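# Give me a 3D structure for the following:
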Amino acid sequence: MSDKPASAGQDLIWRIEAVGFDLLAGTLRLFPVEVASNLGGWLLRTLGPLTRQQHVIQTNLRIAFPDKDKAWIDRTTRGVWDNVGRSFIELPFVHRIMADPARLEVIGAEIYAAIARDRTPTVFVSGHMGNWEVMCASVLHAGIDCMVGYRAANNPYVDQRIRDARAKYGVKLFAQKGGANMRRLLKALGEGHSLALLTDQRTEEGVSAPFFGRPAMTTPGAVPLALRRGVPLRPVSIQRLPGVRFRVIVHDVIPAPETSDKDQAVLEMTTAMNAFLERVIRDEPAQYFWVHRRWPKSTYEAAAT
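Residues are numbered from 1 along each chain as shown. Okay, here's the model as predicted:
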């Protein structure tokens with residue numbers, strides 16, 4: 001989001017959008033979470049295919065799964081829209097989801113418990129899978145003091161509402177993505193806080209590491225932070241289950257390589273982080289956020305030929 005002051009016209013548009021956000025969120029809260037989630041899934045299954053992102057999703061799937069036929073691509077695309085719609089609509093309900101033990105299964109809960117007990121600063125990494133809000137929510141629910149990295153919404157009024165919704169499930173420390181905030185994240189680790197980061201969005205800068213067999217520029221922040229502070233880099237995955245329930249899996253730490261070459265260490269750990277994401281995405285490809293262009297332009301140009 002730019003620091004340049006918005007024009008009066010842009011500010012008015014942002015305020016109108018924020019009112020719309022409030023009306024939608026307020027209406028949704030009148031219904032059980034299952035009803036709201038079903039509505040979100042239906043809306044994007046219906047409207048998503050009418051947008052240009054339909055082509056992006058299907059191209060991504062063809063790149064990642066070149067052996068799959070059109071019927072599989074179409075079926076998986078429908079599942080992607082369903083999951084995205086549910087995840088967005090569920091944001092106002094995440095605190096309710098976390099408060100209901102029947103909605104959350106944590107495999108590796110003993111790992112969370114040990115980190116909370118020993119106050120061991122940890123860099124948790126994940127991707128936009130299942131409902132990605134559940135990753136940081138599960139860390140906080142386990143009693144781990146954690147700062148959450150996030151990409152701010154373009155609309156500052158909507159962004160504040162999203163932050164307020166996250167505060168309801170326990171987020172108190174935020175760091176927007178960007179170079180300046182790396183210092184905040186580094187300081188947080190030094191003060192004993194853990195970090196919860198999603199590391200799979202497209203970036204123009206970073207480390208080129210394989211993702212589904214093709215080079216992808218990958219945000220390197222999580223790895224240098226872990227190396228700089230000498231703390232564990234621990235992946236977490238989220239699976240959506242029927243009935244607005246979720247399974248969180250706390251995975252083994254990605255080990256730091258035995259090398260004095262810092263660039264090589266970052267590359268090896270980033271490659272391992274992408275390999276983790278690829279592995280869990282292959283288990284549930286329809287639950288991944290294929291809506292953005294993950295690879296360089298040249299990859300999409302080659303896919304179009």
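# Can you list the low-confidence ranges for this structure?
Applying pLDDT under 70 to the chain flags residues 1-3, 176-180.
# residue boundaries of the helices in it?
Secondary structure of the chain by DSSP state H: the helices cover 8-28, 33-47, 53-64, 70-90, 94-99, 109-118, 133-141, 156-168, 179-190, 222-229, 262-283, 297-303.
# what comes into contact with the second one?
With contacts defined as Cβ atoms under 8 Å, 6 or more residues apart in numbering, helix 33-47 is touched by 28, 31, 78, 81-90, 92-93, 96-97, 243-244. In short, each C-beta sits where N, CA and C put it, glycine included.
# coming back round to it: which of the helices of the chain has the highest mean neighbour count?
helix 133-141 (a mean of 25; mean count of other Cβ atoms under 10 Å).
# Next, the angle from that one to helix 109-118.
In terms of direction (axes from the mean of the first three to the mean of the last three Cα atoms, to 10 degrees), helix 133-141 departs from helix 109-118 by 50 degrees.
# Mind giving me the packing neighbours of helix 133-141?
helix 94-99, strand 104-107, strand 123-126, strand 146-150, strand 194-198, strand 233-241, strand 245-250 (3 or more Cβ pairs under 8 Å, 6 or more residues apart in numbering; DSSP states H and E).
# so which of the ones you listed comes closest to Ala286?
For Ala286, the closest of these is strand 233-241, at 9.2 Å, according to Cβ to Cβ.
# So which of the helices and strands packed on helix 133-141 is nearest Val291?
strand 194-198 (13.9 Å).
# quick check: angle from that closest one to helix 262-283?
Going by the same axes, to 10 degrees, strand 194-198 makes 60 degrees with helix 262-283.
# CA atoms of strand 194-198 as CSV?
Taking C-alpha atoms only, strand 194-198 is exported to CSV below (Å, rounded to 0.1, in the frame of the first residue of the first chain):
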residue,chain,number,x,y,z
SER,A,194,7.5,-16.4,17.5
LEU,A,195,6.5,-15.5,13.9
ALA,A,196,3.7,-16.9,11.7
LEU,A,197,4.4,-16.2,8.0
LEU,A,198,2.8,-17.3,4.7
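# List the pairing partners of that strand within its sheet, with orientation.
strand 123-126 (parallel), strand 146-150 (parallel) (DSSP bridges).
# Save those as CSV, and put in distance to Glu268 too.
Compiled in CSV, the strands paired with strand 194-198 are given as follows (distance: least, Cβ to Cβ, whole Å):
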stretch, distance to Glu268
strand 123-126, 15
strand 146-150, 22
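# Next up, the contacts around the residue nearest the centre of the chain.
Taking Cα atoms, centre = their mean, the centroid of the chain lies closest to His128, which sits 3.5 Å from it. With contacts defined as Cβ under 8 Å, 6+ apart, His128 is in contact with Leu198, Asp200, Gln201, Tyr288, Phe289.
# let's see it at 6 Å
Contacts for His128 (Cβ atoms under 6 Å, 6 or more residues apart in numbering) come out as Phe289.
# most packed of the helices and strands packed on helix 133-141?
For these, the highest mean count by mean count of other Cβ under 10 Å goes to strand 123-126, at a mean of 28.
# okay, it in PDB with CA atoms only?
C-alpha atoms of strand 123-126 as PDB (Å, rounded to 0.1, in the frame of the first residue of the first chain):
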ATOM      1  CA  VAL A 123       9.400 -19.100  12.700                       C
ATOM      2  CA  PHE A 124       6.300 -20.900  11.600                       C
ATOM      3  CA  VAL A 125       5.800 -21.000   7.800                       C
ATOM      4  CA  SER A 126       2.900 -22.100   5.700                       C
END
